[in-house]
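> Next one to model:
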Amino acid sequence: MDPRSRMMFPNPVQERLVHKAWEAAVRGEARGGRSLRDLVGDSWQRCLQAHVDPLLRVGPNPVSPEDLALLREARRDVLHASAPVMACARDYLAEAGSIMILTDANGMILASEGDPAAKDKASQIHLMPGVRWSESQCGTNAIGTALQTGEAVQIHSAEHFCAGVKDWTCAATVLRHPTDGDILGALDVSGLSGTFNRQILALTVSTGKRIEKSLAIVEMERRYRLLDASIGWWRLLGEDGAVLFDRRGTPIKASDTAARAITALGGNSSWLRHMTRLPALAHWTQQPADTAALPPWLRPEWLHPVVVQGQHLGTMMVVPLGLHAAASVSLPPARRLAVAGSDAFSRLVHADEGPMTEVIRRARQLAGARTAVLLQGETGVGKEEFARGLHGNRPGGYVALNCGGLARELLASELFGHVEGAFTGARKGGMAGKIEAADGGTLFLDEIGEMPLDMQPMLLRVLEQGEVYRLGDSKPRKVDFRLVAATNRDLRDEVAAGRFRMDLFYRIAVTTLRIPPLRERPGDVALLAGHYLRQFRQERGEIDEPLSPQVIECLAAYRWPGNIRELRNVIEAAVLLSNGEPLRLELLPPELLVRAPSGADGLDARAAEALAASTLDEAEREAMRRAIVAERGNLTRAAKRLAIAKSTLYLKMQALGLTRQEAMKDAA
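Take a look at the predicted model:
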């Protein structure tokens, strides 16, 4: 027998001799015989030193489902990479009577796939998700021994240290991170002793390589996104030294002055030359507890997380160069904006200490989770912007559907899809619904309080079972998506009134975020108005300008029933009507001007008195006229700008005697 083969593979013919060697080892006698592989003998010695019970019949009890869910969430990258690979092996495993197991670096089983009968047998010895199969817990076994040695191993029958596992055969390989080689976990194939096959080890190793290759592709894409997100930093560095780290603390780019700046601070920059990982910077969060692990020369205020769409991609370290190295350094606002602007929530304009700060902080915490979120807030507060931020960087798409703008039949078809012939007018060949389109991503259901009562159980079944039935179909389709719902109603009142199901409410409101209306954010009005003014001026190629104090005072005095959407429309219409001139007070709608300071910005007392006498009908007529002008006569877009239905716009225009031609003629 090839000595290398003897070391790598078990020999079932010598099983009786191996068992005798085990009995001798348990009695404390010296290891003997060529029947025992060094790999196994060394593992037994480690088990004896760790006081593992050789008569152990089962593994430890599994952790709670909640703890397992947290562990899986923390290791979602390797789970996502391994899921399709393990699924491809499902048929082979079923025929071979085996199961494939994925663990983390501590031997905690995260997932299993394969023969149902073998899974049942495995559960009897606690070889199941939520149980840790390290050597120190379960003795010699392929998972624990592979993780201990960092090598692929095959353990058969009597070679197991604990008596309760000696009916099993298993082969495992370690999974390593593609950039730094750190062990991420183990991949194992296990079955009862009769399923032993030397080729299982080769299958396990090749399957593990496929998972590592998938991880490498994901990591490379993540690094490209990190480099793109950090472009603004490099342009603004000046003479400071800078190093860009990935989320695991590995430097991937450094400025020409980085090594000199680190050396000037008394640090050793050799790790930079070799691109060696600094574990202290892995997943840097800027929490006080993290600072203890930093090198003594490195100040935490020099570290700036790079976040894109709620996902932490890495860390930018900016080190001052020269005599100023000892001073506390903070980036100027322009540098901070370069990275902050890549975070979806950071693009929301708000005052630093205003009511939105806490809401955005909570939203960032929820961005990486999978739990359902209910967004509560009035029309126009920006619920969809929060929904897009919560979607983050999920591999699937972001799919949105307004439950209040469609007839019942059309809503059901859009949401659940349909098969050919399901109803009159059904699309030939059928159609996938929004739920299927959101598989792997996020489904945003706006105005969910408008969903018909008889349709709510259908949605609840999808959320509970992870399956959707197209209209007219008896075949379920597996779906996995994150639900973000939004409403401007109080759903608890709707439940009490019998218009919304209680069980669906508790299913979609696992976590709630209340987005405050603009009238509760007085400090944000001028910021938002200035933001939109710059945006619309730039779009039209016009010169930017500050808002006058009179305009700011007028905007701040208004209650904004249409919230941010209304403010945006007001500024856009004013820019359109200004013809490139500074934005004057009289360009604002009448409903705002009745609160304007008398005689301000060129308005005399007589004009102010006339404006104060404006009726609600006149204000509505002017708002519609401005919207029609802004959309160049397109009534569909004008209705959307006003946040009303197109039919409502037609009725109001008819009631107020306003025609499209008249509105456009006034603009001309």
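
> Chain neighbours aside, what residue packs nearest to Arg568?
In this structure, Arg568 finds its nearest non-sequential neighbour in Tyr532, 5.3 Å apart by C-beta to C-beta, 6 or more residues apart in numbering. Yep, even glycine has a C-beta here, placed from its N, CA and C like the rest.

> Which stretches in the stretch 301-450 of the chain count as strands?
303-308, 311-319, 373-376, 398-402, 417-418, 431-432, 442-446 (DSSP state E, counting those that start in this stretch).

> Ok, which of those strands comes nearest Arg540?
strand 398-402 (28.6 Å; C-beta to C-beta).

> Can I get the strands of the stretch 301-450 of the chain in JSON lines including mean pLDDT, distance to Trp271 and mean neighbour count?
Below are those laid out as JSON lines (pLDDT from 0 to 100; distance: least, C-beta to C-beta, whole Å; neighbours: other C-beta atoms under 10 Å):
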{"stretch": "strand 303-308", "mean pLDDT": "79", "distance to Trp271": "16", "mean neighbour count": "22"}
{"stretch": "strand 311-319", "mean pLDDT": "83", "distance to Trp271": "12", "mean neighbour count": "23"}
{"stretch": "strand 373-376", "mean pLDDT": "94", "distance to Trp271": "41", "mean neighbour count": "23"}
{"stretch": "strand 398-402", "mean pLDDT": "89", "distance to Trp271": "39", "mean neighbour count": "18"}
{"stretch": "strand 417-418", "mean pLDDT": "88", "distance to Trp271": "54", "mean neighbour count": "23"}
{"stretch": "strand 431-432", "mean pLDDT": "86", "distance to Trp271": "50", "mean neighbour count": "16"}
{"stretch": "strand 442-446", "mean pLDDT": "93", "distance to Trp271": "39", "mean neighbour count": "25"}
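
> Now distance to Arg489 too, for those, in TSV please.
What follows is those, written out as TSV (distance: least, C-beta to C-beta, whole Å):
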stretch	distance to Arg489
strand 303-308	32
strand 311-319	32
strand 373-376	9
strand 398-402	14
strand 417-418	27
strand 431-432	29
strand 442-446	12
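
> Ala89 is nearest to which of these?
strand 431-432 (28.1 Å).

> now the closest one: how far from the chain's centre is it?
The chain centroid and the centroid of strand 431-432 are separated by 26 Å, computed with C-alpha atoms, centre = their mean, to the nearest Å.

> Packing partners of it?
Counting contacts by 3 or more C-beta pairs under 8 Å, 6 or more residues apart in numbering; DSSP states H and E, strand 431-432 packs against strand 417-418.

> Quickly list the domain ranges of this protein.
As assigned by automatic domain parsing, the chain contains the domains 8-220, 242-285+297-323+330-341, 356-514, 520-667.

> By mean pLDDT, show me the worst of those domains.
The minimum mean pLDDT among the domains of the chain belongs to domain 242-285+297-323+330-341 (a mean of 72).

> List the buried residues in the helix or strand hosting Ile262.
Secondary-structure assignment from DSSP states H and E places Ile262 in helix 258-264. Within helix 258-264, the residues that qualify as buried are Ala258, Ala259, Arg260, Ala261, Ile262, Ala264, counting by 16 or more other C-beta atoms under 10 Å.

> Identify, from those residues, the entry nearest to Leu48.
Using C-beta to C-beta, Ile262 is the member of the buried residues of helix 258-264 that lies nearest Leu48, at 46.6 Å.

> how many neighbours does the nearest residue to the closest one once chain neighbours are set aside have?
Leaving aside its chain neighbours, Ile262 sits nearest to Ser269 (4.4 Å; criterion: C-beta to C-beta, 6+ apart). If you count neighbours by other C-beta atoms under 10 Å, Ser269 ends up with 17.

> From Leu278, how far out is Ser269?
Ser269 sits 12 Å away from Leu278, going by C-beta to C-beta, to the nearest Å.

> now do Lys166
Computed as C-beta to C-beta, the Lys166 to Leu278 distance reads 44 Å.

> And Leu127, by the same measure?
Per C-beta to C-beta, Leu127 is found 37 Å from Leu278.

> Those two: which has the busier surroundings?
Neighbours per residue, other C-beta under 10 Å: of Leu127 and Leu278, the larger number sits with Leu127, 26 against 21.

> surely that one meets Thr103?
No: here Leu127 lies out of contact with Thr103, judged by C-beta atoms under 8 Å, at a distance of 10.7 Å.

> joint contacts of those two?
Any residue near both Leu127 and Thr103 by C-beta atoms under 8 Å, 6 or more residues apart in numbering counts here, and that gives Ile109, Trp133.

> Give me the buried stretch members for the helix or strand Ala94 falls within, please.
Ala94 belongs to helix 90-96 when elements are defined using DSSP H and E. Of the residues in helix 90-96, Leu93, Ala94, Ala96 count as buried by neighbour count, 16+ other C-beta under 10 Å.

> What helices and strands are in contact with it?
Here helix 90-96 touches strand 109-114, going by 3+ C-beta pairs under 8 Å, 6+ apart.

> Just give me how far the strand it packs on sits from the chain centre.
With C-alpha atoms, centre = their mean as the basis, the mean position of strand 109-114 lies at 23 Å from the chain mean.

> Tell me which residues are up against that strand.
By C-beta under 8 Å, 6+ apart, the residues outside strand 109-114 that reach it are 68, 71-72, 75, 78-79, 82-83, 86-87, 89-90, 93-94, 98-104, 119, 122, 127-133, 143, 185.

> Could you point out the helix or strand that follows it?
Counting by DSSP H and E, the next helix or strand C-terminal to strand 109-114 is helix 116-124.

> Can you report how many residues lie near the closest residue in space to Gly472 that isn't next to it in sequence?
Spatially, and ignoring its direct neighbours in sequence, Gly472 is nearest to Ala422 (2.9 Å; C-beta to C-beta, 6+ apart). When counting by other C-beta under 10 Å, one arrives at 19 neighbours for Ala422.

> State the distance from Ala422 to Val462.
On the measure of C-beta to C-beta, Ala422 and Val462 end up 17 Å apart.

> How about Gly377?
25 Å.

> Also Arg388?
From Arg388 over to Val462 (counting by C-beta to C-beta), the distance is 22 Å.

> re earlier: what's the closest of the strands of the stretch 301-450 of the chain to Lys213?
With C-beta to C-beta as the measure, strand 311-319 is the member of the strands of the stretch 301-450 of the chain nearest Lys213 (21.0 Å).

> Can you give the distance from that closest one to the centre of its chain?
Remark: strand 311-319 is offset 18 Å from the chain centroid, using C-alpha atoms, centre = their mean.

> What angle do strand 303-308 and it make with each other?
150 degrees (axes from the mean of the first three to the mean of the last three C-alpha atoms, to 10 degrees).

> before we move on, back to that, flag every buried residue along the helix or strand that the helix holding Ala94 is followed by.
Later in the chain than helix 90-96, the nearest helix or strand by DSSP H and E is strand 98-104. Neighbour-count burial for strand 98-104 flags Ser98, Ile99, Met100, Ile101, Leu102, Thr103, Asp104 (criterion: 16+ other C-beta under 10 Å).

> Please export the C-alpha coordinates of strand 98-104 as PDB.
What follows is strand 98-104, C-alpha atoms only, in PDB (Å, rounded to 0.1, in the frame of the first residue of the first chain):
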ATOM      1  CA  SER A  98     -25.400   9.900   2.600                       C
ATOM      2  CA  ILE A  99     -25.800  13.500   3.700                       C
ATOM      3  CA  MET A 100     -23.600  16.600   3.000                       C
ATOM      4  CA  ILE A 101     -23.000  18.900   5.900                       C
ATOM      5  CA  LEU A 102     -21.800  22.500   6.000                       C
ATOM      6  CA  THR A 103     -20.200  23.900   9.200                       C
ATOM      7  CA  ASP A 104     -18.600  27.100  10.400                       C
END
